[in-house]
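> Would you be able to build a 3D model of this:
(one chain, ligands or ions: 1)
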Amino acid sequence: MTVSEELFTRAQALMPGGVNSPVRAFGSVGGTPRFLVSAKGPHVTDADGREYVDLVCSWGPALLGHGHPAVLDAVHRAADKGLSFGASTPAEADLAQLVKDRVPAVERLRMVSTGTEATMTAVRLARGFTGRNLIVKFAGCYHGHLDSLLAAAGSGVATLALPGSAGVTAATAAETLVLPYNDLAAVEAAFADHGNSIAAVITEAAPANMGVVTPGQGFNAGLSRITAAHGALLIIDEVLTGFRVDPGGYWGLTGGAGGAEEAWTPDLLTFGKVIGGGLPAAALGGREDVMNYLAPLGPVYQAGTLSGNPLAMAAGVAQLSHATADVYRQIDSNSLALSTALSTELDRAGVDHSIQRAGNLFSVAFGTSSGGVHNYADALAQDSYRYAPFFHSMLDSGVYLPPSVFEAWFLSSAHDDAAMNRIYDALPAAAAAAAGA
Ligand code: PMP
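Coordinates of the predicted model:
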């Protein structure tokens with residue numbers, strides 16, 4: 001028995017499924033989850049002492065790799081001064097300023113601790129500001145585990161093939177309209193039918209929880225136009241993409257001033273993952289008039305004992321300060337090289353697939369080469385059974401991938417040539433395993 005097997009047995013007797021977040025249980029790929037004990041740079045090490053090149057990066061936060069010296073140093077120094085005060089601290093405004101500098105649409109920012117809290121607050125705020133009840137979301141987009149947005153969510157909901165979640169009341173579900181992604185006509189139709197009742201449209205800036213899906217040219221701008229025309233708000237969820245695909249997130253890359261597409265402005269944005277440098281921090285921000293509806297200025301209540309936690313703020317400030325243009329250039333170029341190498345090996349092994357991209361985020365979808373994945377129906381129709389043997393072959397070769405085909409592969413600026421070469425060396429056997437599935 002391996003140490004991970006022993007630890008998993010113990011954990012299962014103590015925690016539901018042995019985990020504190022479902023996808024960690026390796027449910028869709030099978031086998032024993034690796035219990036990780038340390039991480040440094042591009043590597044994680046499990047309880048059996050095996051080192052892996054990490055392509056999960058804590059599901060996104062580790063933009064600079066694990067244990068970046070500047071981030072660790074900032075956290076150590078903050079810890080020496082106190083772990084939590086439950087009062088305002090200077091570092092909160094430091095981090096808010098860094099966010100505002102990168103994403104000018106953020107006129108005001110509120111720090112919270114998780115991405116779920118950020119989207120939950122954004123939804124409540126949109127309802128409070130507009131006085132309307134309905135929220136539009138897209139099938140396959142994941143925004144955290146708040147009741148109103150679990151319908152047709154991606155991520156673990158897709159991995160476990162759940163229709164949504166038990167425990168969400170019919171009344172709550174009835175206030176969420178779920179539409180197909182990349183379909184502006186469906187959005188127009190929903191607004192034609194319910195325009196006066198829709199508080200907000202929420203969308204991932206680029207979906208990465210049904211695998212990665214590229215927003216069609218002008219899709220997000222179209223959402224902005226339609227919501228504005230009907231007095232509804234547009235909430236752009238950048239929890240996963242924010243500060244990862246570009247200093248300004250996916251919006252900065254595409255719809256911000258100087259972006260690749262026509263410029264437009266979100267009403268609200270949500271952030272998480274990279275913003276906390278590996279500690280629990282997340283945020284929502286946007287239009288001043290909307291954000292000022294939050295307590296204590298406005299009638300929409302929101303609070304948090306650990307919000308703006310000084311360690312998390314210190315980690316976030318250090319990480320964003322070190323996320324230079326070079327960091328993004330390196331991640332972009334490694335992402336392109338790796339996704340291209342992956343595609344080449346799958347072609348060589350005769351495995352039908354598409355590489356799904358949004359900036360430097362990518363994932364692989366199997367059996368979809370005729371058109372790729374553009375929405376949740378496409379994502380669910382793929383040959384997802386090919387992923388488990390692919391995943392385990394990579395794991396055996398020392399590469400730690402997300403344990404689900406519906407998740408993006410995450411790189412960091414600590415992935416140097418040696419780490420990348422270990423991944424390249426592992427690809428041929430994994431492609432052959434996928435072919436044999
Ligand atoms: N929004 C998006 C786009 C996400 O990817 C996630 C988490 N993967 C969340 C929200 C929820 O964040 P958290 O897990 O921190 O609650």
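> Now do stretch 294-301: distance from first to last residue.
With C-alpha to C-alpha, to the nearest Å as the measure, stretch 294-301 spans 6 Å from end to end.
> residues making contact with stretch 374-385?
28, 138-140, 152, 154, 158, 180-183, 210-211, 213-214, 216, 352, 365-368, 371-373, 405-406, 437 (C-beta atoms under 8 Å, 6 or more residues apart in numbering). (C-beta placed from N, C-alpha, C; glycine too.)
> For it, give the mean pLDDT please.
Mean pLDDT, computed over stretch 374-385, is 96.
> quick one on the thing from earlier: of the contacts of stretch 374-385, keep whichever come out buried.
28, 138-140, 152, 154, 158, 180-183, 210-211, 213-214, 352, 365-366, 368, 372-373, 405-406 (16 or more other C-beta atoms under 10 Å).
> mind listing what the residue of the stretch 251-400 of the chain found nearest the ligand touches?
For the stretch 251-400 of the chain and the ligand, the shortest gap (C-beta to the nearest ligand atom) falls at Gly272, measuring 4.6 Å. Counting by C-beta under 8 Å, 6+ apart, Gly272 makes contact with Thr114, Gly115, Ala118, Val239, Leu240, Gly242, Ala281, Ala282, Ala283.
> Any figure for the gap between it and Ala93?
19 Å (C-beta to C-beta, to the nearest Å).
> ok, the residue of the stretch 251-400 of the chain closest to the ligand to His68 distance?
From Gly272 over to His68 (counting by C-beta to C-beta), the distance is 18 Å.
> Ok, Ala263 next?
Taking C-beta to C-beta, one finds Ala263 at 33 Å from His68.
> Between those two, point out the one with more neighbours.
More neighbours surround His68 than the other of Ala263 and His68, with 23 against 13 (other C-beta atoms under 10 Å).
> Just the pLDDT at the residue of the stretch 251-400 of the chain closest to the ligand, thanks.
98.
> now Ser369
Value listed for Ser369 in the pLDDT field: 69.
> and Arg10, backbone torsions?
The phi/psi pair for Arg10 (degrees, to the nearest 10) reads phi -60, psi -50.
> So it versus Phe35, what's the distance?
Relative to Phe35, Arg10 is positioned 10 Å away (C-beta to C-beta).
> More neighbours: these two, which one.
Phe35 (19 against 12).
> ok, now which ones touch that one?
Phe35 touches Val3, Ser4, Leu7, Phe8, Asp46, Ala47, counting by C-beta under 8 Å, 6+ apart.
> please redo it, this time with the cut-off set to 7 Å
Contacts of Phe35 were listed using C-beta atoms under 7 Å, 6 or more residues apart in numbering, and they are Ser4, Leu7, Phe8, Asp46, Ala47.
> Then His143?
Here His143 is in contact with Thr119, Lys137, Leu149, Ile202, Asp237 (C-beta under 7 Å, 6+ apart).
> In three-state terms, label it for me.
coil (DSSP: H, G, I helix; E, B strand; the rest coil).
> near the ligand, which residues of this structure?
59, 114-116, 119, 142-144, 155, 204, 209, 237, 239-240, 272, 282 (C-beta under 6 Å from any ligand atom).
> Sort out for me which of those residues are in strands.
Glu204, Asp237, Ala282 (DSSP state E).
> For those residues, pick the one with the most neighbours.
In those, the most neighbours by other C-beta under 10 Å go to Asp237, 32 neighbours.
> Burial check on Val178, number of neighbours?
Here the number of neighbours of Val178 (other C-beta under 10 Å) works out to 20.
> Compute the number of surrounding residues for Pro108.
If you look again at residue 108, you'll see it is Arg, not Pro. Neighbours of Arg108 (other C-beta under 10 Å): 17.
> Name all residues that make contact with it.
Going by C-beta under 7 Å, 6+ apart, Arg108 touches Gly285, Glu288, Met291, Asn292.
> Just give the closest residue to the third one, not the sequence neighbours.
Counting by C-beta to C-beta, 6 or more residues apart in numbering, Met291 lies nearest to Arg108, which is 3.6 Å off, once chain neighbours are set aside.
> For the one you found, which phi and psi angles does the backbone take?
phi -140, psi 150.
> Okay, and the beta partners of it?
Taking DSSP bridges as the rule, Arg108 bridges to Gly286.
> Could you report the distance from it to the ligand?
Look at Arg108 and the ligand: by C-beta to the nearest ligand atom, to the nearest Å, they are 20 Å apart.
> One more: Val187?
Look at Val187 and the ligand: by C-beta to the nearest ligand atom, they are 19 Å apart.
> Touching, that residue and Val178? I think so.
No. Using C-beta atoms under 7 Å, Val187 makes no contact with Val178, being 11.7 Å away.
> Among the residues of the chain next to the ligand, which one lies nearest to the ligand?
Out of the residues of the chain next to the ligand, the member with the shortest distance to the ligand (by C-beta to the nearest ligand atom) is Gly115, at 2.2 Å.
> okay but the closest one is in contact with Ala282, surely?
Yes. Gly115 sits in contact with Ala282 when judged by C-beta under 7 Å, with a separation of 4.9 Å.
> which neighbours do the two share?
Joint contacts of Gly115 and Ala282 (C-beta under 7 Å, 6+ apart) are Val239, Gly272.
> can you confirm Thr270 is in a strand?
Yes. Thr270: assigned to a strand according to three-state DSSP.
> returning to that earlier point: mark which of the contacts of Phe35 are part of helices, please.
Among the contacts of Phe35, the members falling in helices (DSSP state H) are Ser4, Leu7, Phe8.
> Now do the contacts for Gly144.
Thr114, Gly115, Thr116, Thr119, Met120.
> Now do the same contact list for Gly242.
Gly249, Phe271, Val274, Ile275.
> Is it in a helix, a strand, or coil?
coil.
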